[in-house]
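Engineer: Sequence and predicted structure are below.
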Amino acid sequence: MAKLTKKQKIANERFDIDGIYPIDEAVKIVKDISKANFDASVDVSVRLGVDPRKANQMVRGTVTLPHGTGKKIIVLVLCTPDKEEEAKAAGADHVGLDDYIEKIKKGWTDIDVVITMPSVMGKVGPLGRVLGPRGLMPNPKTGTVTMDIAKAVNDVKAGKIDFKVDKYGIIHAAVGKVSFEEDKLLENVNEILLTILKLKPSSSKGTYMRSVIISSTMSVGVQIEPKSIIT
């Protein structure tokens, strides 16, 4: 039998690691077992019964978490000069075009979200080699390629995140911090799970939401009963 880690031993004393818990209990447990000396992030991992290789089973979307992620989101807006003031007034951290495109080509990616406008996608497109692997490439489907720059910046700053199923059929998303009040963390977790449920492809057969795990940076995972999601 494999030797238990210190984290697993602590978790074993608090809850049944192999158990499946209602969403509210799972949130409570994660807060209880996350005893790091910093404010750890809380994440959910959802394994779906889809085949991401098939276009009609790709699951991706956006959700605005009611209480944000607890993380300061650094936003870069790539736009024409006439949109710069709008972007700055909305709270964008970096605003410009050609200078930032050159910085990104050289490897600069100290940002969390990139927002741009349709008319400059010709210039932004080639950045896909740098931004794509980091999940930073702007996309009309997630609202980050738009003429309404102010709304896009405000949405991101208010807690809007985008998610996408990976090649293994799993969605990973940060949903808050351990320091969040229990009810606020619960609302964030429930919101993203409910959004994923609503995005079930019609071509997906069998069990759609196969497993849901919630954990913090410094804790083992706690399994959530999908049927306990508050609809």
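Structural biologist: Yes, it's here. Numbers count the residues shown, from 1 in each chain.
Engineer: helices and strands of this protein: which one has the lowest mean pLDDT?
Structural biologist: Ranked by mean pLDDT, DSSP states H and E, the weakest helix or strand in the chain is helix 6-14, scoring a mean of 64.
Engineer: that's a strand at residue 163, yeah?
Structural biologist: Yes. Residue 163: assigned to a strand according to DSSP: H, G, I helix; E, B strand; the rest coil.
Engineer: Who does it form a beta bridge with?
Structural biologist: residue 61 (DSSP bridges).
Engineer: which stretches of the protein form helices?
Structural biologist: Here the chain has its helices, by DSSP state H, at 6-14, 23-33, 84-90, 98-105, 121-124, 128-131, 149-157, 182-198.
Engineer: Comparing these by mean pLDDT, which bottoms out?
Structural biologist: In terms of mean pLDDT, the lowest-scoring of these is helix 6-14 (a mean of 64).
Engineer: mind giving me TSV with the helices of the chain and columns for distance to residue 49?
Structural biologist: C-beta: built from backbone N, CA, C; applies to glycine. Below are the helices of the chain laid out as TSV (distance: least, C-beta to C-beta, whole Å):
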stretch	distance to residue 49
helix 6-14	27
helix 23-33	19
helix 84-90	39
helix 98-105	37
helix 121-124	34
helix 128-131	30
helix 149-157	30
helix 182-198	12
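Engineer: Can you check which of those helices gets nearest to residue 67?
Structural biologist: Smallest distance to residue 67 across the helices of the chain (C-beta to C-beta): 4.3 Å, for helix 182-198.
Engineer: could you list every residue that touches the most centrally placed residue in the chain?
Structural biologist: Centroid-nearest residue in the chain: residue 173, 3.5 Å away (criterion: C-alpha atoms, centre = their mean). Neighbour list for residue 173: 43, 44, 161, 163, 192 [criterion: C-beta atoms under 8 Å, 6 or more residues apart in numbering].
Engineer: quick one: residue 84 and residue 100, what's the gap?
Structural biologist: For residue 84, the distance to residue 100 equals 12 Å [C-beta to C-beta, to the nearest Å].
Engineer: Those two: which has the busier surroundings?
Structural biologist: The neighbour count for residue 84 versus residue 100, taken as other C-beta atoms under 10 Å, is higher for residue 100 (19 against 16).
Engineer: wait, what's in contact with that one?
Structural biologist: Counted by C-beta under 8 Å, 6+ apart, residue 100 has contacts 76, 78, 94, 108.
Engineer: Quick check on those: which are buried?
Structural biologist: Among these, those buried by neighbour count (16 or more other C-beta atoms under 10 Å) are 76, 78, 94.
Engineer: now, which of the residues you listed lie within strands?
Structural biologist: Secondary structure from DSSP state E places 76, 78, 94 of the buried ones among the contacts of residue 100 in strands.
Engineer: out of the residues you listed, who's nearest residue 147?
Structural biologist: residue 78 (13.3 Å).
Engineer: Pass me the low-pLDDT residue ranges in this structure, would you?
Structural biologist: The chain contains residues with pLDDT under 70 at 1-13.
Engineer: Tell me, how many residues neighbour residue 140?
Structural biologist: Residue 140 has 10 neighbours, counted by other C-beta under 10 Å.
Engineer: Apart from its neighbours in sequence, what residue is nearest it?
Structural biologist: In this structure, residue 140 finds its nearest non-sequential neighbour in residue 146, 7.3 Å apart by C-beta to C-beta, 6 or more residues apart in numbering.
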